[in-house]
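# sequence first, predicted coordinates after that:
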Amino acid sequence: MTPRHTGEIWVFGDYRNYFQNRVTLQILAKAVDLAAATGGSVSAVVLGHRVEEWVGEYIAHGAQKVYVIDDAALASYSIETYAHLLHGLAREHRPETLLVGATRFGQELAPRVAKKLGTGLTADCIDLEIDAAGLLVQTAPSFGGNLIAKIITPHGRPQMATVRPGTFQELPHDDGANGEVLSLPLPADLPQQRVRLITSEHRPAKKRRIEDAAIVICGGRGMGSKGKFKKLFDLATLMGAEVGATRPVVYAEWAPHEALVGQAGKNIAPRVLLSFGISGAIQHTAALADADFIIAINKNPSATMMKLADVAIVADANQACLGIMKAIRERVRD
Ligand SMILES: Cc1cc2nc3c(=O)[nH]c(=O)nc-3n(C[C@H](O)[C@H](O)[C@H](O)COP(=O)(O)OP(=O)(O)OC[C@H]3O[C@@H](n4cnc5c(N)ncnc54)[C@H](O)[C@@H]3O)c2cc1C
């Protein structure tokens, strides 16, 4: 008889570029919510070498149990080995759900593991919830971002999803949290390495990622021109914020592609979002669900973005930007 699944929600520990990449902590926070709804528990999986630090970190962020394989053979990442190990662990310990960050690493790993486990996978989720039947409802953009699909995995287990960085907010670090650590040996049946790492070099991030910024200033076509849009970067420097942009702005090359916020770009979860001259199309606003407080500036009071905002200011976006900069500078001088 096939053993039952455990009700555990697993979160794969993607700890590379830790200070820029918070996705594992963000997913752990959501997993805590999901486990409260199902009566299940939250576990993290950590593979690598000298990984104690991450084990402690995941417990401090909501993991009740951590499955660890710590071995020198895992010091450099190999997709075949990691997929083999994660598949082996899931087959043996039978989690109900397995969540992976939609980083490049996770996007490479999750489909391989899903295929090996013979289960479904929803890529790039922007929300997760539990339905009345206890199934994981996985919300993801579909058909090139024109539809938002809600997907369930009725039969395959674990229910697998990758989640975009910035989709959820991490829980505060809890120093007093306790968790069980299950240290497991490296299995003997590792796949033969077809790729060998010769050398690697850490390239430091030039700036903070918009997904992790506490203040984001987003600009849209209503800014009027590249020169006027540039003022948003000056305002961001004054406020310690990052700049986001809508698709027309990126297409017009007023802002780089990495600033694109929306279904085709990044999800953001700032404490404060300032939105300048943005209409509020669904492809943009779908990425703002976790912004705590939104201030929208638009000359059209009926724009969707204005209705969505906590504070809506009817004004010329460019004039408002210059006015805020002036006010900040005056305050700094005082
Ligand atoms: C498959 C697909 C994927 C997409 N993905 C994305 C995505 O990831 N991100 C994204 O942003 N879009 C995306 N889009 C495009 C999206 O549908 C909208 O076209 C886009 O978000 C609109 O950008 P905007 O608000 O800057 O421009 P507009 O819709 O043109 O809005 C401009 C706003 O500025 C206001 N305005 C004009 N002048 C001023 C002024 N002087 N002062 C103040 N306000 C002013 C106007 O009232 C208006 O509300 C996608 C579309 C498709 C089809």
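Great, that's in hand. Numbers count the residues shown, from 1 in each chain.
# quick one: is the worst-scoring helix or strand of the chain on mean pLDDT near the ligand?
Here the helix or strand of the chain ranked lowest by mean pLDDT, DSSP states H and E is helix 317-333, holding a mean of 85. Yes: using CB under 6 Å from any ligand atom, helix 317-333 comes into contact with the ligand via residue 317. For glycine as for every other residue, the C-beta is placed from the backbone atoms N, C-alpha and C.
# just say helix, strand or coil for the residue nearest the centre of the chain.
By CA atoms, centre = their mean, the mean C-alpha position of the chain lies nearest to residue 165, the distance being 1.5 Å. Here residue 165 is recorded as coil under DSSP: H, G, I helix; E, B strand; the rest coil.
# nearest spatial neighbour of it, chain-adjacent residues omitted?
Once flanking residues are discounted, residue 165 sits nearest to residue 23: 4.2 Å by CB to CB, 6 or more residues apart in numbering.
# wait, the one you found touches residue 12, no?
No: between residue 23 and residue 12 there is no contact under CB atoms under 8 Å: 9.9 Å.
# what touches both of these two?
Here residue 23 and residue 12 have 101, 106 as joint contacts, going by CB atoms under 8 Å, 6 or more residues apart in numbering.
# returning to what we had before: let me see the contact set for the residue nearest to residue 165.
With CB under 8 Å, 6+ apart, residue 23 has these contacts: 14, 101-103, 106, 163-166.
# hmm, 10 Å instead?
11-12, 14, 17, 99-103, 105-106, 162-168, 170, 211-212 (CB atoms under 10 Å, 6 or more residues apart in numbering).
# how is this protein carved up into domains?
The chain breaks down into these domains under automatic domain parsing: 8-183, 210-333.
# compute the first-to-last residue distance for the longest one.
Think domain 8-183. Taking CA to CA, to the nearest Å, domain 8-183 runs 17 Å from one end to the other.
# now do that domain: distance to the chain's middle.
11 Å (CA atoms, centre = their mean, to the nearest Å).
# does residue 54 really touch residue 13, like I thought?
Yes: using CB atoms under 10 Å, residue 54 is in contact with residue 13, at 5.6 Å.
# overlap in contacts of those two?
Shared contacts of residue 54 and residue 13, counting by CB under 10 Å, 6+ apart, come down to 24, 44, 46, 48, 66, 68.
# output the residues you listed as CSV; include the columns secondary structure, pLDDT and neighbour count.
Formatted as CSV, the shared contacts of residue 54 and residue 13 follow (DSSP: H, G, I helix; E, B strand; the rest coil; pLDDT from 0 to 100; neighbours: other CB atoms under 10 Å):
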residue, secondary structure, pLDDT, neighbour count
24, helix, 94, 30
44, strand, 98, 31
46, strand, 97, 25
48, strand, 94, 19
66, strand, 98, 24
68, strand, 98, 20
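# any chance of those in CSV, plus distance to the ligand?
What follows is these, written out as CSV (distance: CB to the nearest ligand atom, whole Å):
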residue, distance to the ligand
24, 24
44, 30
46, 32
48, 33
66, 35
68, 37
